[in-house]
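1. here's a sequence, model it:
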Amino acid sequence: MFKMGVRIMPRAEVLDTQGRAVGMTLKSKGFQVVDCKVGKFVILQLEAENASHAKAQAVKISEELLCNTLIETYQVEELS
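-> Next up, the predicted model:
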């Protein structure tokens with residue numbers, strides 16, 4: 001059993017309205033925020049022969065289901 005984390009973020013070219021709203025709210029509360037981005041973090045527990053097969057599964061899941069690659073980027077990492 002392998003645990004993989006998938007970090008999904010808006011592409012730099014895409015307006016991050018959620019990040020902008022959170023950043024503006026934090027600034028209005030007095031926090032010294034320069035920039036704010038909002039994304040998703042998904043944890044997958046996968047059955048696989050080894051870590052590289054688990055990562056390949058996580059990449060496939062990310063590209064087919066979790067991430068809209070036109071407007072988002074993703075990173076897959078093995079979690080302990």
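2. mind listing the strands for this protein?
-> Counting by DSSP state E, one finds strands in the chain at the ranges 2-10, 40-46, 72-79.
3. if you compare the ones you listed, which one is most tucked away?
-> Most buried of the strands of the chain, by mean neighbour count (mean count of other CB atoms under 10 Å): strand 2-10, with a mean of 17. (C-beta placed from N, C-alpha, C; glycine too.)
4. that one packs against which elements?
-> With contacts defined as 3 or more CB pairs under 8 Å, 6 or more residues apart in numbering; DSSP states H and E, the packing partners of strand 2-10 are strand 40-46, helix 51-61, strand 72-79.
5. between it and helix 51-61, how many degrees?
-> 40 degrees (axes from the mean of the first three to the mean of the last three CA atoms, to 10 degrees).
6. hmm, back to that, including distance to residue 64 and mean pLDDT, could the strands of the chain go into JSON lines?
-> Shown next, in JSON lines, are the strands of the chain (distance: least, CB to CB, whole Å; pLDDT from 0 to 100):
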{"stretch": "strand 2-10", "distance to residue 64": "12", "mean pLDDT": "98"}
{"stretch": "strand 40-46", "distance to residue 64": "13", "mean pLDDT": "98"}
{"stretch": "strand 72-79", "distance to residue 64": "12", "mean pLDDT": "97"}
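7. turn these into TSV, including distance to residue 21.
-> Formatted as TSV, the entries for the strands of the chain read as follows, by distance: least, CB to CB, whole Å:
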stretch	distance to residue 21
strand 2-10	13
strand 40-46	16
strand 72-79	18
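8. of those, which is nearest residue 32?
-> strand 2-10 (22.2 Å; CB to CB).
9. restrict the closest one to CA atoms and write it as PDB.
-> What follows is strand 2-10 as a C-alpha-only set of coordinates in PDB (Å, rounded to 0.1, in the frame of the first residue of the first chain):
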ATOM      1  CA  PHE A   2       1.400   3.400  -1.000                       C
ATOM      2  CA  LYS A   3       0.200   6.900   0.000                       C
ATOM      3  CA  MET A   4       0.600   9.500  -2.700                       C
ATOM      4  CA  GLY A   5      -0.100  13.200  -2.400                       C
ATOM      5  CA  VAL A   6      -1.300  15.300  -5.400                       C
ATOM      6  CA  ARG A   7      -0.900  19.100  -5.100                       C
ATOM      7  CA  ILE A   8      -3.200  20.900  -7.700                       C
ATOM      8  CA  MET A   9      -2.700  24.600  -8.300                       C
ATOM      9  CA  PRO A  10      -4.000  27.100 -10.900                       C
END
